[in-house]
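Novice: here's my sequence, what's the structure:
(one chain, ligands or ions: 3)
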Amino acid sequence: MEEKITMSDGTLQVPDFPVIPFIEGDGIGPDIWKASVRVFDAAVEKSYGSKRSVIWKEVLAGEKAFNNNGQWLPPETEAALREYLVGIKGPLTTPVGGGFRSLNVAIRQRLDLYVCLRPVKHFPGIPSPVKRPELIDMVVFRENTEDVYAGLELKAGEEKTSELISFLKEHYGWNIRSDSGIGIKPISKTGSRRLIRAAITYALEQGLPTVTLVHKGNIMKFTEGAFREWGYELAREEFADRIVTWDDIPDGKVPAGKVLVKDVIADAFLQQILTRPAEYDVIATMNLNGDYMSDALAAQVGGIGIAPGANINYETGNAVFEATHGTAPKYAGMDKVNPCSLMLSGKLMFEYMGWKEAAELIDKGITGAIMAKTVTYDFARLMEGAVEVSTSLFADNVIKHMND
Ligand SMILES: NC(=O)C1=CN([C@@H]2O[C@H](COP(=O)(O)OP(=O)(O)OC[C@H]3O[C@@H](n4cnc5c(N)ncnc54)[C@H](OP(=O)(O)O)[C@@H]3O)[C@@H](O)[C@H]2O)C=CC1
Ligand SMILES: O=C(O)CCC(=O)C(=O)O
Ligand SMILES: [Mg+2]
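Specialist: Numbers count the residues shown, from 1 in each chain. Ligands and ions are numbered 1, 2, ... in the order given. Now for the predicted structure:
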């Protein structure tokens, strides 16, 4: 009965019993996965009875993979994510300073999952450090394969690093201290255009009024500044009759049905998401900015315990869904943390698959559990009159509230 999700003529073909690979993840990964998978299965069962079901296929990465066969990211895991098109994962540990490079980044790069999509929205009842969290409703499109995040780095003091420093002095006249580490920041026209194309397409499809290019192009002119230029160029070339920029509307009035494409410098953006968040809908930005911004935005709607994400290549159809947060090692195995980020990543996955009813039930169950003030420690410590529950009990409550 089990079948593969495929891509045909640019459209995802989802059978009723799709095989979906999952990576449990490190640290809190197993806690949140165990809770989330029950919620996913309940949402599908309540929506479609026996007509549809996900056939979960575990694939290994991170510590579980290393303990199994000495490989952090076995080739068969990459192959399964590629073959079955849609997958979901828990967080994976990346050592700081040295050691292996990020497995999370490796998965995104190897499958060319160039969009990191992170919606940020406030759920009623969730405590927030800002006065009007309900004004925050944004979707971040973060470029996922380039930037200093790609890991092109050389360590201070090594021979290759000294060679590069000498080369840069000799050929470019650049004076770089001899004890520097070096990182390369590639931002390509190709990478920028496909990311911004996806962001504008999303805004048009969802009827959202603005797309904002966020960059530090005044300082990093030929990388972040170029991202901005290429963004406007693409918008005018490919969406001429469906978008406007401020230059097109001297009166500042956006014609009905058109999307306003604008830009803002990254530091100003970070203060405006606190002071004037309602002015932002879809955000298109580069890899490192997008990483920082998604955690900052998550904090405004209750923290990274409720921050879902998706890594997508819209051409191949490949997608890996994952929470915005990491492995939170101090809570590993304690059945304590908030599983909402992974549950809502599953909601995004069902939306991507066209299983709208299951996606809606996940939202409904989470909303019900939060409104009943039965929440995990992170919300309980900020919410008056809340009852703190474990990860697994929270999942039980989410399933119960699907029937509200
Ligand atoms: N995509 C991925 O797989 C990612 C992996 N990582 C990796 O994770 C590891 C740990 O990173 P770290 O910087 O500590 O960041 P984490 O996101 O893992 O955790 C930071 C803090 O965020 C809060 N938090 C995180 N997840 C939850 C949750 N589900 N529920 C409630 N609170 C939560 C906790 O806050 P508090 O202490 O206040 O309770 C936690 O201490 C690193 O190796 C990093 O590289 C990081 C990000 C993404
Ligand atoms: O790969 C990692 O360890 C960190 C990634 C991260 O923070 C993110 O993608 O948001
Ligand atoms: Mg991050």
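
Novice: strands of the stretch 301-404 of the chain, residue ranges please.
Specialist: Ranges of strands in the stretch 301-404 of the chain, per DSSP state E, counting those that start in this stretch, are 310-312, 319-322, 374-375, 387-388.

Novice: CSV for the ones you listed, including mean pLDDT, distance to Ala198 and mean neighbour count?
Specialist: All C-beta atoms are positioned from the backbone trio N, CA, C, and that covers glycine. Putting these into CSV (pLDDT from 0 to 100; distance: least, Cβ to Cβ, whole Å; neighbours: other Cβ atoms under 10 Å) gives the following:
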stretch, mean pLDDT, distance to Ala198, mean neighbour count
strand 310-312, 98, 8, 24
strand 319-322, 98, 12, 26
strand 374-375, 96, 34, 24
strand 387-388, 97, 39, 14
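
Novice: and those strands: which comes nearest Glu351?
Specialist: strand 310-312 (9.2 Å; Cβ to Cβ).

Novice: what lines up beside that closest one in the sheet?
Specialist: With DSSP bridges as the test, strand 310-312 is paired with strand 115-121 (antiparallel), strand 319-322 (antiparallel).

Novice: quick revisit: what's the closest of the strands of the stretch 301-404 of the chain to Gly151?
Specialist: Taking Cβ to Cβ, strand 310-312 is the member of the strands of the stretch 301-404 of the chain nearest to Gly151, at 16.1 Å.

Novice: near ligand 1, anything from that closest one?
Specialist: No. If you take Cβ under 6 Å from any ligand atom as the test, strand 310-312 misses ligand 1, and the best it gets is 9.0 Å.

Novice: that strand: how far from the chain's middle?
Specialist: Relative to its parent chain, strand 310-312 has a centroid offset of 6 Å by Cα atoms, centre = their mean, to the nearest Å.

Novice: same deal with stretch 199-216?
Specialist: 16 Å.

Novice: check the separation of the first and last residues in it.
Specialist: Stretch 199-216 has an end-to-end distance of 19 Å (criterion: Cα to Cα, to the nearest Å).

Novice: and it, what's buried?
Specialist: 199-204, 208, 210-216 (16 or more other Cβ atoms under 10 Å).

Novice: how about the strands paired with strand 310-312 in TSV, adding distance to Lys155?
Specialist: Output for these, formatted as TSV (distance: least, Cβ to Cβ, whole Å):
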stretch	distance to Lys155
strand 115-121	27
strand 319-322	29
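
Novice: quick one: name the residues of the stretch 201-350 of the chain near ligand 1.
Specialist: Ile304, Gly305, Glu322, His325, Gly326, Thr327, Ala328, Val337, Asn338, Ser341.

Novice: state the mean pLDDT of stretch 76-94.
Specialist: The average pLDDT within stretch 76-94 is 97.

Novice: is ligand 1 contacted by that stretch?
Specialist: Yes. Stretch 76-94 lies within reach of ligand 1 by Cβ under 6 Å from any ligand atom, at Pro91, Leu92, Thr93, Thr94.

Novice: of the residues you listed, just say which sits nearest to ligand 2.
Specialist: Nearest to ligand 2 out of the residues of stretch 76-94 next to ligand 1 is Thr94 (Cβ to the nearest ligand atom; 3.3 Å).

Novice: residues touching the closest one, list them.
Specialist: Applying Cβ atoms under 8 Å, 6 or more residues apart in numbering, we find Thr94 in contact with Phe100, Arg101, Ser102, Leu103, Asn104, Val105.

Novice: just those: which are in strands?
Specialist: With DSSP state E as the criterion, strands contain none of the contacts of Thr94.

Novice: mind telling me which residue of the chain is nearest ligand 1?
Specialist: Gly326 (2.2 Å).

Novice: now do the strands in the stretch 151-300 of the chain.
Specialist: Under DSSP E, counting those that start in this stretch, the stretch 151-300 of the chain gives strands at 153-154, 182-183, 210-215, 243-244, 259-265, 282-285.

Novice: wait, Lys169 touches Ser178, no?
Specialist: No. Counting by Cβ atoms under 8 Å, Lys169 sits too far from Ser178 to count as a contact (9.6 Å).

Novice: how near is the residue lying farthest from the centre of the chain to Met402?
Specialist: When distances to the mean C-alpha position of the chain are computed (Cα atoms, centre = their mean), the maximum falls on Glu170, with 41.0 Å. According to Cβ to Cβ, to the nearest Å, Glu170 stands 66 Å off from Met402.

Novice: output the strands of the stretch 151-300 of the chain as a markdown table; include the columns mean pLDDT.
Specialist: Putting the strands of the stretch 151-300 of the chain into a markdown table (pLDDT from 0 to 100) gives the following:
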| stretch | mean pLDDT |
| --- | --- |
| strand 153-154 | 96 |
| strand 182-183 | 98 |
| strand 210-215 | 98 |
| strand 243-244 | 98 |
| strand 259-265 | 98 |
| strand 282-285 | 98 |
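
Novice: need the winner for burial among those.
Specialist: With neighbours taken as mean count of other Cβ atoms under 10 Å, the strands of the stretch 151-300 of the chain reach their highest mean count in strand 282-285, at a mean of 28.

Novice: so what are the sheet partners of that one and their directions?
Specialist: Here strand 282-285 has these sheet partners by DSSP bridges: strand 137-143 (parallel), strand 210-215 (parallel).

Novice: now the angle from the shortest one to strand 259-265?
Specialist: For strand 210-215 against strand 259-265, the angle between stretch directions is 20 degrees (axes from the mean of the first three to the mean of the last three Cα atoms, to 10 degrees).
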